[in-house]
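Asker: attaching a predicted model along with its sequence, questions to come.
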Amino acid sequence: MTATLSREAEAAPAHELAGTWHLTRLALRRDRVILPIWIVLLSIVPASTVKTFAQFYPTAADRAGLQAGATANPSYALLYGPPFDLTTAGGFIAWRMCGFLALLIGLMAVFTVTRHTRAEEDSGRAELLAAAVVGRYAALTAGVLVSAGASVLIGLIQVGSMVGAGLPSAGSLAFGASIALAGLVFTAVAAVAVQLAEYSRTANGIGTAVVGAAFLLRGAGDSTVDARWLSWLSPIGWVQQIRAFAVERWWVLLLPVALTLVVGAVAYWLLPRRDVGVGFLPPRPGPPRAAASLRSPLALAWRLHRGPLLGWTIGMAVVGAVFGSIASGIGGLVGSSPQALQIMERLGGAHSLTQAFLATMAGMFAMVASLYGIQAVLRMRGEETAIRLEPVLATSVGRLRWAGGHLLFAFFGTALLLLAGGLFLGLANGLRTHDVGGSVGDMLSGMLVQLPATWVVIALAVTIFGLLPAYSAAAWGVGALALLISLLGPILDLPQGALDVSPFQHPPKIPGHAFVATPLVWLLVVTAVALGAGLAGWRRRDVG
């Protein structure tokens, strides 16, 4: 990406890049909350799990069983990729994390580039800047530099932390370089998406669709013997084909470098061939008069949230089916040591490894669903800053009535996501264990008891929106903190007081534990207090 920018800088007059440094500093300032969260989350997870490998698989027999079990079950290849070498901590971490880290860094790149380019055009700020001494390529270059810089920084931290944890330097370098290059590839993809789309939502949709398609293409190739070539069509597949910690293939790194340069050059070629605020894909014109179904705040909220809600629901259902298909065989991957069983039980469940795994999945699905809730809450702030809210409030629509439509999807949308994930997870597991009814019932119960914990995170996002609107993006920090504590806290053996900060530590772990209503009641009380404080602040503060 850096080479692409250098070539474009040479090809374009100097004034076309004027203001790039200032816009880059502005972007970093605006992302001072969300970008560090992405960097920390994606950087520290690999090294933090090195010590647990020896606890889960203390003997050569355990590691050989892990290798054999992962190789024999194509469902694991669909989810994690080909198991090249699972007899070492580095090989195991690369297998379990490379694909998901590439997926997440791709999403980070898409959201970052779109936020500092197409979203600025949507708000009209880009046109104001273009009328001043800001070059045509400055905004895109600033967004690309921030995204690419974050990707490279994530890769460097991964290398340093994994070497510091005792892993081989060559494998650590291959691991970090592959993840960083995945970020650069999807940075270039996002740069093209913002040229094609006329609105930031569409650009984000194009970018995330490419990231998701790359992940699915990789999964289809890795899990199908006769279609392994499909993995070579996916940038996420390249990340795993580098084979970090398993006789590294350094030449594969040339593939994402070449794709980044080509796609990045296309983005810079497209940019001067369109007007500010216009994309190459024209939006579909709507009807001249709004339908009766759009003449209420709730109907408007439905129109705004239906697309994301549908996408999240499908994603949760697909992931639930994948995890459900491997639940019954999780014992072959976890290992037989007492330390492995203890760690798995701390993550959720008690009576068996399968129950522990299913309870863990219920908690993880709840964490992911809370991110959708945060996104739905922050849509209110987006409507406010885009000056689309004031005309609505100028009518007979009240503030609480308008907010209620959005919050309905934020709170009950998460319930729909958990039900979809629980249904398909239980169904897939039940088909494998020949107990569909019992498995579905257990998983729906396990998902629903997690719902109050997700509502706490969403209510805290409403509190920030209502009381501290300028810091609304900090809601992502709340969600990320809860995820980090819940995911890494038990593995790192944090004290119980630190674990209790996350609301996801309090619901009963079902299946595996008995139902206890007391923690759920307290979570609902916290939700009500936080939600009330946020709505009270929203009623009293200025709009804008």
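Answerer: Alright, I've got the coordinates.
Asker: now do the buried residues in the helix ranked longest in the chain.
Answerer: Using DSSP state H, we find that the single longest helix of the chain is helix 399-433. By neighbour count with 16 or more other Cβ atoms under 10 Å, helix 399-433 contains the buried residues 399, 402-403, 405-411, 413-430, 432. C-beta coordinates here come from the backbone N, C-alpha and C atoms, glycine included.
Asker: what helices or strands is whichever helix or strand Gly69 is part of leaning on?
Answerer: Using DSSP states H and E, Gly69 sits within helix 60-72. For helix 60-72, the packing partners by 3 or more Cβ pairs under 8 Å, 6 or more residues apart in numbering; DSSP states H and E come out as helix 74-80, helix 331-334.
Asker: so where's the protein shaky on pLDDT?
Answerer: Scanning the chain for pLDDT under 70 picks out 1-14, 73-75, 225, 290, 292-293, 328-353, 488, 490-493.
Asker: and the next helix or strand after the longest helix of the chain, what's buried?
Answerer: Under the assignment DSSP H and E, the closest C-terminal helix or strand after helix 399-433 is helix 436-448. By neighbour count on 16+ other Cβ under 10 Å, the buried set for helix 436-448 is 439-440, 442-448.
Asker: ok, stretch 510-519 next?
Answerer: Per 16+ other Cβ under 10 Å, stretch 510-519 contains these buried residues: 510-513, 519.
Asker: can you check stretch 231-243 too?
Answerer: 231, 234-243.
Asker: turn the residues you listed into CSV, columns for distance to Gly324.
Answerer: Below are the buried residues of stretch 231-243 laid out as CSV (distance: Cβ to Cβ, whole Å):
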residue, distance to Gly324
Ser231, 24
Ser234, 24
Pro235, 28
Ile236, 23
Gly237, 24
Trp238, 29
Val239, 26
Gln240, 23
Gln241, 28
Ile242, 30
Arg243, 29
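Asker: ok, those vs Ala148, which is closest?
Answerer: Nearest to Ala148, judged by Cβ to Cβ, of those is Pro235 at 14.7 Å.
Asker: against Val185, how distant is that closest one?
Answerer: 5 Å (Cβ to Cβ, to the nearest Å).
Asker: now, which of the buried residues of stretch 231-243 lie within helices?
Answerer: 235-241.
Asker: closest to Gly81 out of the residues you listed?
Answerer: Gln240 (4.3 Å).
Asker: next up, phi/psi of the residue nearest to that closest one when sequence neighbours are not counted, please.
Answerer: Closest residue to Gln240 apart from its sequence neighbours, by Cβ to Cβ, 6 or more residues apart in numbering: Gly81 at 4.3 Å. Per-residue torsions, Gly81: phi 110, psi 180 (degrees, to the nearest 10).
Asker: touching, Gly81 and Met97? I think so.
Answerer: No - shown here, Gly81 and Met97 do not form a contact pair, counting by Cβ atoms under 8 Å, at 9.8 Å.
Asker: how much distance is there from the host helix or strand of Ile37 to the middle of the chain?
Answerer: Using DSSP H and E, Ile37 sits in helix 34-48. Using Cα atoms, centre = their mean, to the nearest Å, the mean C-alpha position of helix 34-48 is found 12 Å from that of the whole chain.
Asker: give me every residue that touches the closest residue to Phe84 other than its chain neighbours.
Answerer: Excluding the flanking residues, the one nearest Phe84 by Cβ to Cβ, 6+ apart is Ala246, at 3.8 Å. Counting by Cβ atoms under 8 Å, 6 or more residues apart in numbering, Ala246 touches 84-85, 91, 94, 171.
Asker: just say helix, strand or coil for Asp85.
Answerer: coil (DSSP: H, G, I helix; E, B strand; the rest coil).
Asker: so who does it touch?
Answerer: Asp85 touches 67, 91, 243, 245-247, counting by Cβ under 8 Å, 6+ apart.
Asker: how much space between it and Gly91?
Answerer: For Asp85 relative to Gly91 (Cβ to Cβ), the value is 4 Å.
Asker: the residue nearest the centre of the chain: what's it in contact with?
Answerer: Centroid-nearest residue in the chain: Leu104, 5.2 Å away (criterion: Cα atoms, centre = their mean). Residues near Leu104 by Cβ under 8 Å, 6+ apart: 38, 41-42.
Asker: picking that back up, so can I have TSV of the contacts of Asp85 showing distance to Leu167?
Answerer: Converted to TSV, those look like this (distance: Cβ to Cβ, whole Å):
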residue	distance to Leu167
Gln67	18
Gly91	10
Arg243	14
Phe245	7
Ala246	12
Val247	15
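Asker: of the buried residues of stretch 510-519, which pair is most distant in space?
Answerer: Pro511 and Pro519 (17.1 Å).
Asker: buried residues in the helix holding Ile37?
Answerer: Buried-residue list, helix 34-48, by 16+ other Cβ under 10 Å: 34-35, 37-39, 41-48.
Asker: ok, of those, which one's closest to Thr208?
Answerer: Checking the buried residues of helix 34-48 one by one against Thr208 (Cβ to Cβ), the nearest turns out to be Trp38, at 14.9 Å.
Asker: was I right to think Pro46 contacts Val159?
Answerer: No - contact criterion Cβ under 8 Å: Pro46 and Val159 do not qualify, at 9.9 Å.
Asker: on that earlier part again, how far off centre is the longest helix of the chain?
Answerer: 17 Å.
Asker: which helices and strands sit right next to that helix?
Answerer: Right, helix 399-433 is packed against helix 297-327, helix 353-385, helix 389-393, helix 436-448, helix 451-467, helix 518-540 by 3+ Cβ pairs under 8 Å, 6+ apart.
Asker: and the ones you listed, which is most packed in?
Answerer: With neighbours taken as mean count of other Cβ atoms under 10 Å, the helices and strands packed on helix 399-433 reach their highest mean count in helix 451-467, at a mean of 26.
Asker: gap between that one and the chain center?
Answerer: Using Cα atoms, centre = their mean, the offset of helix 451-467 from its chain centre is 19 Å.
Asker: buried ones in the following helix or strand past it?
Answerer: As assigned by DSSP H and E, the chain's next helix or strand after helix 451-467 is helix 474-492. Applying a neighbour-count criterion of 16+ other Cβ under 10 Å, one finds 474-480, 482-487, 489-491 buried in helix 474-492.
Asker: what is helix 474-492 packed up against?
Answerer: Short answer (3+ Cβ pairs under 8 Å, 6+ apart): helix 474-492 packs on helix 34-48, helix 338-347, helix 353-385, helix 451-467, helix 496-499.
Asker: tell me how far the residue nearest to Phe84 lies from Gly219.
Answerer: Taking Cβ to Cβ, one finds Ala246 at 19 Å from Gly219.
Asker: what lies in contact with the helix holding Ile37?
Answerer: Outside helix 34-48, the residues touching it (Cβ under 8 Å, 6+ apart) are 28, 93, 97, 101, 104-105, 108, 112, 146, 150, 153-154, 157-158, 161-162, 164-165, 167, 175, 179, 473, 476-477, 480, 483-484, 487-488, 491-492.
Asker: check which helices and strands the next helix-or-strand element following it sits against.
Answerer: Scanning forward in sequence from helix 34-48 by DSSP H and E, the next helix or strand is helix 50-56. Judged by 3+ Cβ pairs under 8 Å, 6+ apart, helix 50-56 is in contact with helix 89-115, helix 338-347.
Asker: ok, which of the helices and strands packed on helix 474-492 comes nearest Ala299?
Answerer: helix 353-385 (14.5 Å).
Asker: how big is the angle separating that closest one from helix 451-467?
Answerer: Orientation check (axes from the mean of the first three to the mean of the last three Cα atoms, to 10 degrees): helix 353-385 against helix 451-467 gives 20 degrees.
Asker: quick one: list the elements packing against helix 353-385.
Answerer: helix 297-327, helix 331-334, helix 338-347, helix 399-433, helix 436-448, helix 451-467, helix 474-492.
Asker: closest one to Phe365 among those?
Answerer: So among these, helix 399-433 is nearest, using Cβ to Cβ, at 4.5 Å.
Asker: picking that back up, out of the helices and strands packed on helix 50-56, which gets nearest to Leu17?
Answerer: helix 89-115 (16.8 Å).
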